[in-house]
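Asks: coords please:
(2 chains)
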Amino acid sequence: MIPLVHAEVVTRHKWLTDEEFADVLAIGNTLPGPIATKMPGYIGYRVGGVSGCIAAVIAVIVPMIVAMIVMLGIFSRYRDVAWIRGMGQAVIPVVMIMMGQLTWDFFDKSQAALGWLASALMAVIAGGLIYWLGVHPGWVIGAILLTAMLRPTGKKRVEGSA
Amino acid sequence: MIYWELFLAFFIPNIIGYGGGPAIIPLIEAEVVSRYGWMTSQEFAETLALGNALPSPIATKMAGYIGYDIAGIGGAFVAVSATVIPSLLLMLGALGLLYRHRDSPRVKRMSQWVRPVIAIMMAWLTLGFLLESLNTSGAIHTLIIGIAAAIALLRFNMHPAFVVISAVIYGALFIS
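Replies: Modelled structure (predicted):
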């Protein structure tokens, strides 16, 4: 997706230079939320103000949302038919594998940055808070984000540059 | 108030979902399935499967569909706005500030520290899908589809759309 946006914005229309594009990407990555809407939104704003921003975001997201609504809508209507219900059931193991792959991916990345022990410890504590004590994940992650933002970095500089 | 709940259900995951795009998936599940009970685990799995098979970001597709499913066009609009607008406004409004801190270790460790939490939530969701599938389709179908999907996705790097369509055909023919 990113290389395709780059081809349009930098190479074809010359709305931004290569360097500006790289900066927008870097900044977008420091914020939460999908990069694929932040980039078009920002570039649309730079090129055509608020209306440009809205147009760019709509162009990115609306077609596939409509496709989702139409396809899942039809599917839900005929859920009572046995073979259609079978189609829905068969998808769960696939989603399970995808989610397992993502789990590994996220744990592997966090292990590479924080080490096995710290990652596992944080995961277990967070899991206990969320699933055993019923704390909303927003509180757990909010607390972590706040700590990450506010705690001084002096002695951790080496780790941060890795 | 359904619109306010929809807003929160998509605003919170998107504002705390650090660590990469898919990070919001378990956070959205925590809201729409566990907290508000708008969808069953089965429906969430179906939404996720189609969302992964189609192009464009997963976050807005899920928001658009779930919002529409709960409260019509207005619901879709609220959920998508809650997904897109906050971080976009931050980006437009605080560009200079963010630019100066884009390589800051604090910003980096925000993603790093959140990742283990997201990982455990994803693991929990994976386990939930396993139990759901064992419960509805039985061990044999779960095993066949699971192993085939794992080989196709992990070993041969096939496109998710192809894997989802294959599973759907298998389901139509053999699970009914």
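Asks: what bits of chain A have low per-residue confidence?
Replies: Applying pLDDT under 70 to chain A flags residues A:154-162.
Asks: tell me how far the helix ranked longest in it lies from the chain's centre.
Replies: Counting by DSSP state H, the longest helix found in chain A is helix A:35-77. Chain-centre distance of helix A:35-77: 15 Å, with CA atoms, centre = their mean, to the nearest Å.
Asks: what about the helices in chain A?
Replies: Remark: helices assigned in chain A by DSSP H are A:2-6, A:18-30, A:35-77, A:82-114, A:116-127, A:137-150, A:157-160.
Asks: which of those sits most buried?
Replies: Mean neighbour count (mean count of other CB atoms under 10 Å in any protein chain shown) peaks for helix A:82-114 among the helices of chain A, with a mean of 22. No exception for glycine: its C-beta is placed from N, CA and C like everyone else's.
Asks: centre of the chain to the helix ranked longest in chain B, how far?
Replies: Longest helix in chain B, counting residues (DSSP H): helix B:58-93. Distance of helix B:58-93 from its chain centroid, counting by CA atoms, centre = their mean, is 13 Å.
Asks: on that earlier part again, can you lay out the helices of chain A as TSV showing distance to residue B:90?
Replies: Formatted as TSV, the helices of chain A follow (distance: least, CB to CB, whole Å):
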stretch	distance to residue B:90
helix A:2-6	20
helix A:18-30	10
helix A:35-77	9
helix A:82-114	23
helix A:116-127	25
helix A:137-150	14
helix A:157-160	22
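Asks: for residue B:50, find the nearest of those helices.
Replies: Within these, the stretch nearest residue B:50 is helix A:35-77; the backing value is 6.0 Å (CB to CB).
Asks: does the longest helix of chain B come close to chain A?
Replies: Yes: using CB under 8 Å from any CB of the partner chain, helix B:58-93 comes into contact with chain A via B:58-61, B:64-65, B:68-69, B:76, B:80, B:83-84, B:86-88, B:90-92.
Asks: what comes up buried for that helix?
Replies: B:58-71, B:75-88, B:90-91 (16 or more other CB atoms under 10 Å in any protein chain shown).
Asks: report the central residue of the chain.
Replies: Picked chain A for this. Nearest to the geometric centre of chain A sits residue A:34, at 4.7 Å (CA atoms, centre = their mean).
Asks: not quite, I wanted chain B
Replies: Chain B, centroid-nearest residue using CA atoms, centre = their mean: residue B:25 at 2.6 Å.
Asks: so that residue sits against residue B:58, correct?
Replies: Yes: Residue B:25 is within contact range of residue B:58, at 6.8 Å (criterion: CB atoms under 8 Å).
Asks: which neighbours do the two share?
Replies: By CB atoms under 8 Å, 6 or more residues apart in numbering or on different chains, residue B:25 and residue B:58 have these common neighbours: residue B:48.
Asks: mind listing what residue 91 touches?
Replies: Here I'm looking at chain A. B:45-46, B:49, B:164, B:167-168, B:171.
Asks: my question was about chain B
Replies: Counting by CB under 8 Å, 6+ apart, residue B:91 has contacts A:27-28, A:31, A:38, A:41-42, B:98.
Asks: repeat that for 7 Å
Replies: A:27-28, A:31, A:38, A:42 (CB atoms under 7 Å, 6 or more residues apart in numbering or on different chains).
Asks: same thing with residue A:46?
Replies: By CB under 7 Å, 6+ apart, the neighbours of residue A:46 are residue A:15.
Asks: rerun that using 8 Å as the cut-off
Replies: A:15-16, A:52.
Asks: one more: residue B:60?
Replies: Counted by CB under 8 Å, 6+ apart, residue B:60 has contacts A:34, A:37, A:60-61, A:64-65, B:80, B:83-84.
Asks: how far away is the nearest residue to residue A:67 once chain neighbours are set aside from residue B:161?
Replies: Setting aside the residues directly before and after it, residue A:67 is nearest to residue B:54 in space (CB to CB, 6 or more residues apart in numbering or on different chains), at 5.9 Å. Remark: distance between residue B:54 and residue B:161 (CB to CB, to the nearest Å) = 7 Å.
Asks: and if you look at residue B:22?
Replies: From residue B:22 over to residue B:161 (counting by CB to CB), the distance is 16 Å.
Asks: kind regards, and thank you for your time.
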